[in-house]
Every structure is written in C-alpha cells, then in structure tokens.
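# What would the 3D arrangement of this be:
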Amino acid sequence: MTNPLEPMMADLIARIERGVQPWRQAWVACADPSLPLRSDGQPFTGSNAWLLSFAGAVGGYASPYWFTFRQALGIGAPVMKGAKSSPAILYKTRVLDGGDAASPGASEDDPRVLRYLKAYAVFNAEQLTDCPEPYLRAPKIDPAVRAAARSALLDAIPAKIELGGGVACYNRARDVICLPAPEAFDTVDDYQATFAHEAVHWSGAPHRLNREFGARFGDEAYAFEELVAEIGAAALGLRIGLRPQLLDGHAAYLAHWAAILKERPAALLEASGHAQRAIDHLEAFSRVDVAATSLAA
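Down below sits the predicted model:
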C-alpha cells in the first residue's frame, strides 16, 4: 500500500535540496503567521501545524481552515470535484493484553502499548463548494493584544541570556543563550524570533528535556538538533504570530538534512515530535493562552 505521506516527503526533500526550508514557506504566502485551524476553529498542533501551513502556502490558500470530506458535507459545502487533498497525521495507541516476555522486566500479564500513526485526508476551505464566508478568511487578530501575549510568553522563559557580540547561539556547556544586542536587529520581531530559535535549543539541556541524538545520528546529531530548532521556532512562530529570523549558517545544514531524510524519512516526524515537546516546555513557563488572546473581541 502506498504511504500517503510519500509524495509530501519527496516534495519536502526536493525543496531542501534546492536550498529552501519548507517550514518557512507559510510566511511567503501570508502577511501574518497563524496556525491552521480545524473545522471547529481549534488549532492544529504538532506536526500537523507546520505540515498544513506548508500545504496551504503551496496551494496559495488564504484560509486557515481545513476539513475532512465528511466535515465539509456537514456544513453543506462538499469538496470540489477533482480537488487534491493534503495529508494530516493522527497519532493512535493500542493496548494489547499480555506483555512481551522477551522484554526486560516485562511479564506475560503486562499490557503492551503500541503507538502508531496514520494519515487522513483534509481539504482547505477554499477547495469546498459554496463554503460559508467565515471559513474563507482568517479570524481577525488584534496586533497589540497578540504582541503583548507574545512578549509575555517569551519573557517568561527563564533562560540566562548574555547580550553583545555578533553571534546568536545556545552555549550548552554554560547553559547560556548568547544574542547580539536588541538594537543590532532590524526589528523587535527579528530579535524575538532569534531568541525563540535559541530557546528551543535551550529546552534540550540534560536537566530539561535531555535531548540527545548521538546514538542514533552519529556525526549528523548536531544537524538533526538544528532541524528540531528550525521546525520548533517556525511552529512556535505560527502559534504566536512571529516570523522566523534567517540565521547565519543554516544553509550549511541543508545538505545534512536532505541526507538524513533520504536515509530515514521518518526522521522529519521525529524532529517535529521533539519540536512540539520543546514548544510545550517553553509555553509551560507562561499561563498566557496566546491562541485565545490573539483573537479580536
């Protein structure tokens, strides 16, 4: 059976080989980064957030709303004939009675939990026939409210920051984020986006999420960590309306990323999973519901 994610993966790898970071694609097509939304208005999270944002940018859709075939029928707006679906990912678990006796510490009475994912088809609101007008445009956003909520979230991250110099990096040995002075950036958004990228790196410290890839990726471990930070910063930007800062040196990783994904296509979803855990960790320092406070009353 053909994997429905294979065409998308091939497209992503081809774009990376051409020097394009696909997770940045969403900011080309729209003026204001925003999360893709389910039919009920709830935002997609995890891999689906940036995958559908990418799909929407490639399709040229201004609407952030996505529907399954049945959901489209439910609002009286069937999918247009010939419309091409985009894949969304559903993570599922299945508990089996009886453990695997070959597993260390397991008995025959222990349940086994199988985790797997499946893809399902979704369509953008602009691919529906006679779609109701509210679904064809993004919800209105109060820029001042969103900016305040964004700052509150980023300011709550308790990372130690050293300002000055011309390099942005996370020093893992010293557990410090090093950034140029804010006035060295063109805009406040550029400074915040750069901090967001380095904060994703910061989240992986041993006493935080303990993100280590050496055993699985060997010499490519650092490039894979950079992939996690790239996707994490882009996904966080979708959530808080922040465009990514193009950091120096990222182009050097593109060949590494393409090689990793060709050898292990599942690595992209693995990186997305780590990126989502990093975002969850960073957001936990703030009680601000950015998605809710971003919408205009």
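# Format the CA atom coordinates belonging to stretch 147-166 as PDB.
The C-alpha coordinates for stretch 147-166 follow below in PDB (Å, rounded to 0.1, in the frame of the first residue of the first chain):
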ATOM      1  CA  ALA A 147       2.200  41.400  20.600                       C
ATOM      2  CA  ALA A 148       1.600  41.700  24.300                       C
ATOM      3  CA  ALA A 149       0.800  38.000  24.600                       C
ATOM      4  CA  ARG A 150       3.800  37.100  22.600                       C
ATOM      5  CA  SER A 151       6.100  39.100  24.700                       C
ATOM      6  CA  ALA A 152       4.600  37.700  27.900                       C
ATOM      7  CA  LEU A 153       5.200  34.100  26.700                       C
ATOM      8  CA  LEU A 154       8.800  34.700  25.600                       C
ATOM      9  CA  ASP A 155       9.700  36.900  28.600                       C
ATOM     10  CA  ALA A 156       8.500  34.100  30.900                       C
ATOM     11  CA  ILE A 157      11.200  31.700  29.600                       C
ATOM     12  CA  PRO A 158      13.800  31.700  32.500                       C
ATOM     13  CA  ALA A 159      16.800  31.200  30.300                       C
ATOM     14  CA  LYS A 160      20.000  33.100  31.100                       C
ATOM     15  CA  ILE A 161      20.800  35.500  28.300                       C
ATOM     16  CA  GLU A 162      24.100  37.300  27.500                       C
ATOM     17  CA  LEU A 163      23.800  40.200  25.100                       C
ATOM     18  CA  GLY A 164      26.600  41.500  22.900                       C
ATOM     19  CA  GLY A 165      28.800  40.300  20.100                       C
ATOM     20  CA  GLY A 166      27.700  39.300  16.700                       C
END
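# Tell me the buried residues in that stretch?
Across stretch 147-166, burial judged by 16 or more other CB atoms under 10 Å covers 147, 149-150, 153-154, 157, 159. Placement of C-beta: from N, CA and C, glycine included.
# Let's have these in JSON lines, adding distance to residue 233, secondary structure and pLDDT.
Listed next are the buried residues of stretch 147-166 as JSON lines, based on distance: CB to CB, whole Å; DSSP: H, G, I helix; E, B strand; the rest coil; pLDDT from 0 to 100:
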{"residue": "147", "distance to residue 233": "18", "secondary structure": "helix", "pLDDT": "86"}
{"residue": "149", "distance to residue 233": "17", "secondary structure": "helix", "pLDDT": "87"}
{"residue": "150", "distance to residue 233": "13", "secondary structure": "helix", "pLDDT": "89"}
{"residue": "153", "distance to residue 233": "13", "secondary structure": "helix", "pLDDT": "93"}
{"residue": "154", "distance to residue 233": "11", "secondary structure": "helix", "pLDDT": "94"}
{"residue": "157", "distance to residue 233": "13", "secondary structure": "coil", "pLDDT": "96"}
{"residue": "159", "distance to residue 233": "14", "secondary structure": "coil", "pLDDT": "97"}
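# closest to residue 34 among those residues?
residue 150 (12.5 Å; CB to CB).
# if you go through the stretch 51-200 of the chain in chain order, where are the helices?
Listed in chain order, the helices of the stretch 51-200 of the chain (DSSP state H, counting those that start in this stretch) span 69-74, 143-155, 188-203.
# Which one, of the ones you listed, ends up nearest to residue 277?
That would be helix 188-203 among those, by CB to CB, at 7.9 Å.
# which residues touch that closest one?
If you take CB atoms under 8 Å, 6 or more residues apart in numbering as the criterion, helix 188-203 is touched by 150-151, 154, 157, 159, 161, 168-170, 172, 175, 177-179, 182, 185, 208-209, 211, 225, 228-230, 232-233, 236-237, 242-245, 247, 275, 277-279, 281-282.
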